[in-house]
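>>> predicted model and sequence follow; I will ask about them next.
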Amino acid sequence: MLRMRRCLTISVLILSVRQGELLLQDISPSSDGRSFGQDEQQECDLCRARICGRRCRAFGCRMCRLSVRTAGQFLVLVLVLVLLLIDPRVSLLSFFRESRPSARTILSACPSHPWGCNADGQQQLTFLHQWYDGKRNTRRAGTERLCLGETDGLECRSLRRLLSGDAVVSVVGMSDSLLDSMPVVGLKATSKSQRILADLLAHGMEVLEKDQGKAGDWYRSCMMVDYVDDVGVIQGAKPLQPYLEQIANIETYQDMWEVMAQFQAQNSLCARQFWDVPAFFDWWVGADNLEPQLMNFYLGTGGLILPDYTFYTENNDEMKSHRAAYREFIVTQLTLAGLSEEQANKDADICFEIETELAVYQRLEPYVSLKNSFKHISQKDLVESYPNLNFTLLFDRMGISQIGIERNNIVVKAPEFYNRLNDFFGKRSAKSLIPYLRWHLVYNLSPLLSHQFLEATLKVDANLMGISKQPERWHKCVAATKSALPMIVDQLFIDNYFSEEDRKIALTMLDYIRDAFKQDLEQVAWMSEQARSAALEKLANIFFECGHPLQWDECDWDVSPTSYFNNSLVSCEHRKMKKLARLFSAPDRRRWSMSVMSVNSYYDNAVNGLFITAGMLQKPFFDAEYDMSRNFGGVGAIMGHELTHGFDNTGRKYDQESRLRDWWDRKTVDEFEARGQCIAKLYSTFEMLGLHVKVNR
């Protein structure tokens, strides 16, 4: 009976597919090139494109990418689901598994994929390629697959939450990494993605508890809760006292910039370093967008602790509630750090005033196109343009005094912000800034202190994002260890939960996805031949990194098995030194900007490379025992998505050498943007909780 039902299901499926083919034939071009139904064309309600009214209209406009073929397959899927609901014992998945080779089988048959396979392996690969080639058309991949949004953020610029492990539960200063920002620990894992993240962290805990090296020592120092509480509570916060005293003794701007230098510095002349404390502005090191073989020092906006400037400037009830919770948070933390309640309240008011003014500066920064946002200047120009910001002293303490002298490799990303910041320092005394500096020091180092500081953070997080429970200590310590000693922890994870076979299978999949994308590019009608040729060249130059780096950086600093606070300072110091050292060397195209444990992946315009993490190459997205169709449906969708970032509204502005330039002709750009407007109009109709969804512009 079961066999009979299965045969019936497959027969109906075949008939449905055949019916879909007839439907497609009914609207496809005839032998003389004319489309059936042409005389009944109408306009798409969304983008005003001309579509045939007899059949296409029921399924949507091709320009809107709601193709007839997709709609037909959707109807087939609905029919299959209905049949499965009628009799759950009918398993189409098991039927397909019987006829498709597993990923491991294909790899063993074709060890040098996709060339040099034995006959059996080549037959399996041919089957797979034909199957995937048919499936890819249902998504209309290629340059018509428009990905709205800019390139993924790759590196957290403040190490505060990242290094402390609190990033997993705090919206304040969140990390860009999915694993480090999702609030999954301490909460019930209610979704599959949350359970995956929780499982990965549990794996990390098992590895770290057994490790007898630096990573294990770091983890155990973090887990010494009683010791952390003892050193973290004096009548204040003992480890912070030397730094708080230096801030309290500020009299002149020279004093203030010496403190700011310690906030940012790595120079060994300083007896004891501050942690990476972002205050007033931000900086980072990155490849030059016009000459990608060179590195620049970038200066950006900063100085805020709430997620963005709207939290300070908007006056609706929600933002007022967030500001009230944040002010209470400041008072609580400063009181724990040793200030009287009266002084803590005064400091909170001053901090709010300063941060709100900085938020207004950020809001007033005019929009500048990506192409025009890279104005290179010398150190002399920087100092002359912003005389109230002592960059000469800062660069000296950071060990980069030669920056911007031999080459104009300083880029100010927000010139108007810095003009206003320069005026800001000109109208205030150095002593008036003591409360702001004191608060930013306490805030950034508080995750290393006692549980009272962590409880205060939880309270403001509850207001900002609804988190109501502190994560278990082991979760915090796994995340902190992973962030502080990324390469060591990543290697331990790879040794235990990822294989070379997994990496090869993932690379095999990427080869097929690139090939499918190439075929799409060759057929896109609206691209000029010049743009198509350049796009194909860029596609061929994209390199793939799967699982983990092939060369690991060293974490060459000492780790104490007992001092979590000192470990954090030392790690941050060395990481900053490595970051600044990149200024004076050629970019490493294969350098990873994300932990391999992250359930995430990214395409990097700066190097024209695609990085798929080992955390992403885990069940249920991927497994060597899955048939390849399941792997393509899981992690393959992520791979394809990331690949298209090289050709989306940002990626199309970077050529095959990662150089920012116009490599598409104007007509092709106009065609691209016209299709983008169609999607923008569609998204503009969406509402959530009574509010319109914001769309990239």
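Yes, it's here.

>>> mind listing what the residue lying closest to residue 546 once chain neighbours are set aside touches?
Once its chain neighbours are removed from consideration, residue 546 has its nearest residue in residue 506; the separation is 4.1 Å (CB to CB, 6 or more residues apart in numbering). Placement of C-beta: from N, CA and C, glycine included. Taking CB atoms under 8 Å, 6 or more residues apart in numbering as the criterion, residue 506 is in contact with 546, 547, 612, 617, 622, 635, 639.

>>> repeat that for residue 631.
When contacts are counted by CB under 8 Å, 6+ apart, residue 631 is found next to 103, 505, 509, 621, 622, 623.

>>> which of the three states applies to the residue nearest to residue 546?
In three-state terms, and counting by DSSP: H, G, I helix; E, B strand; the rest coil, residue 506 is helix.

>>> again, but for the one 10 residues further on
In the three-state summary, residue 516 is assigned as helix, counting by three-state DSSP.

>>> burial count for it?
23 (other CB atoms under 10 Å).

>>> check the spacing between it and residue 523 real quick.
Relative to residue 523, residue 516 is positioned 11 Å away (criterion: CB to CB, to the nearest Å).

>>> and if you look at residue 401?
Taking CB to CB as the criterion, residue 401 is separated from residue 523 by 55 Å.

>>> so which of those two has more stuff around it?
Taking residue 401 and residue 523 together and counting by other CB under 10 Å, residue 401 has the greater number of neighbours (15 against 12).

>>> residue 656 belongs to a strand?
No - inclusion of residue 656 in a strand is not indicated when three-state DSSP is applied; the result is coil.

>>> OK, contacts around it?
For residue 656, the contacting residues are 534, 537, 538, 540, 541, 608, taking CB under 8 Å, 6+ apart as the criterion.

>>> okay, the closest residue to it other than its chain neighbours: pLDDT?
By the measure of CB to CB, 6+ apart, the closest residue to residue 656 outside its immediate chain neighbours is residue 538, 3.9 Å from it. Note on residue 538: pLDDT of 96.

>>> same thing with the one 10 residues further on?
Reading off the per-residue confidence, residue 548 sits at a pLDDT of 94.

>>> which one is it nearest to, not counting chain neighbours?
In space, and not counting its chain neighbours, residue 548 is closest to residue 596: 4.6 Å by CB to CB, 6+ apart.

>>> isn't the one you found right up against residue 489?
No - the pair formed by residue 596 and residue 489 falls short of the contact definition of CB atoms under 8 Å, at 9.2 Å.

>>> before we move on, the earlier item: could you count how many residues lie near the residue nearest to residue 548?
With neighbours defined by other CB under 10 Å, the count for residue 596 comes to 26.

>>> mind checking the SS state of it?
In terms of secondary structure, residue 596 is coil; the call rests on three-state DSSP.

>>> what's it in contact with, if anything?
Contact criterion CB under 8 Å, 6+ apart gives 490, 493, 494, 498, 547, 548, 549, 613, 614, 615 as the residues in contact with residue 596.

>>> recalculate using a threshold of 10 Å.
Counting by CB atoms under 10 Å, 6 or more residues apart in numbering, residue 596 touches 482, 486-487, 489-491, 493-494, 498, 545-549, 611-617.

>>> kindly report the same for residue 219.
For residue 219, the residues meeting the contact criterion (CB under 10 Å, 6+ apart) are 204-205, 207-209, 211, 474, 477-478, 480-482, 484-485, 489, 559, 561, 564.

>>> coming back round to it: wait, isn't the residue nearest to residue 656 in contact with residue 654?
Yes - here residue 538 reaches residue 654: they are 8.2 Å apart, a contact under CB atoms under 10 Å.

>>> so for these two, which sits in the more crowded spot?
residue 654 (24 against 21).

>>> quickly list what that one is bridged to.
For residue 654, the beta-bridge partners under DSSP bridges are residue 660.

>>> which stretches of this protein have low pLDDT?
1-201, 227-236, 264-276, 693-697 (pLDDT under 70).

>>> the strands in it, which residues?
Taking DSSP state E as the criterion, the chain contains strands spanning 41-43, 50-52, 281-287, 295-301, 376-377, 410-412, 543-547, 601-604, 609-613, 687-688, 691-692.

>>> and those strands as a markdown table, adding distance to residue 385?
Putting the strands of the chain into a markdown table (distance: least, CB to CB, whole Å) gives the following:
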| stretch | distance to residue 385 |
| --- | --- |
| strand 41-43 | 53 |
| strand 50-52 | 53 |
| strand 281-287 | 14 |
| strand 295-301 | 11 |
| strand 376-377 | 8 |
| strand 410-412 | 8 |
| strand 543-547 | 39 |
| strand 601-604 | 31 |
| strand 609-613 | 35 |
| strand 687-688 | 43 |
| strand 691-692 | 40 |
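
>>> could you dump the ones you listed into CSV and include mean neighbour count and distance to residue 317?
Below are those laid out as CSV (neighbours: other CB atoms under 10 Å; distance: least, CB to CB, whole Å):
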stretch, mean neighbour count, distance to residue 317
strand 41-43, 14, 42
strand 50-52, 19, 45
strand 281-287, 18, 30
strand 295-301, 20, 27
strand 376-377, 16, 43
strand 410-412, 21, 37
strand 543-547, 20, 46
strand 601-604, 23, 37
strand 609-613, 24, 40
strand 687-688, 8, 18
strand 691-692, 10, 14
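
>>> for residue 222, which of these is the nearest?
Minimum separation from residue 222 across the strands of the chain (CB to CB) falls at strand 609-613, 23.4 Å.

>>> tell me what the closest one is packed against?
Contacting strand 609-613 under the criterion 3 or more CB pairs under 10 Å, 6 or more residues apart in numbering; DSSP states H and E are the following elements: helix 500-523, strand 543-547, strand 601-604, helix 637-644.

>>> out of those, which is the most enclosed?
Among the helices and strands packed on strand 609-613, the stretch with the highest mean neighbour count (mean count of other CB atoms under 10 Å) is strand 601-604, at a mean of 23.

>>> list the neighbouring strands of that strand plus their orientation.
Looking at strand 601-604 with DSSP bridges, its paired strands and their directions are strand 609-613 (antiparallel).

>>> the partner strand vs helix 500-523, what angle?
Going by axes from the mean of the first three to the mean of the last three CA atoms, to 10 degrees, strand 609-613 is angled at 140 degrees with respect to helix 500-523.

>>> renumber starting at 347 from here on
Sure, I'll start counting at 347 from here, so that last one is strand 955-959.

>>> only the C-alpha atoms, please, for strand 955-959, written as CSV.
Coordinates of the C-alpha atoms in strand 955-959 are reproduced here as CSV (Å, rounded to 0.1, in the frame of the first residue of the first chain):
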residue,chain,number,x,y,z
GLY,A,955,36.7,37.0,-1.7
LEU,A,956,33.9,34.8,-0.2
PHE,A,957,34.3,33.4,3.3
ILE,A,958,32.1,30.5,4.6
THR,A,959,32.7,29.7,8.3
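
>>> and it with helix 983-990, angle?
Comparing the axes of strand 955-959 and helix 983-990 via the same axes, to 10 degrees yields an angle of 160 degrees.

>>> what angle do strand 955-959 and strand 889-893 make?
Going by the same axes, to 10 degrees, strand 955-959 makes 10 degrees with strand 889-893.
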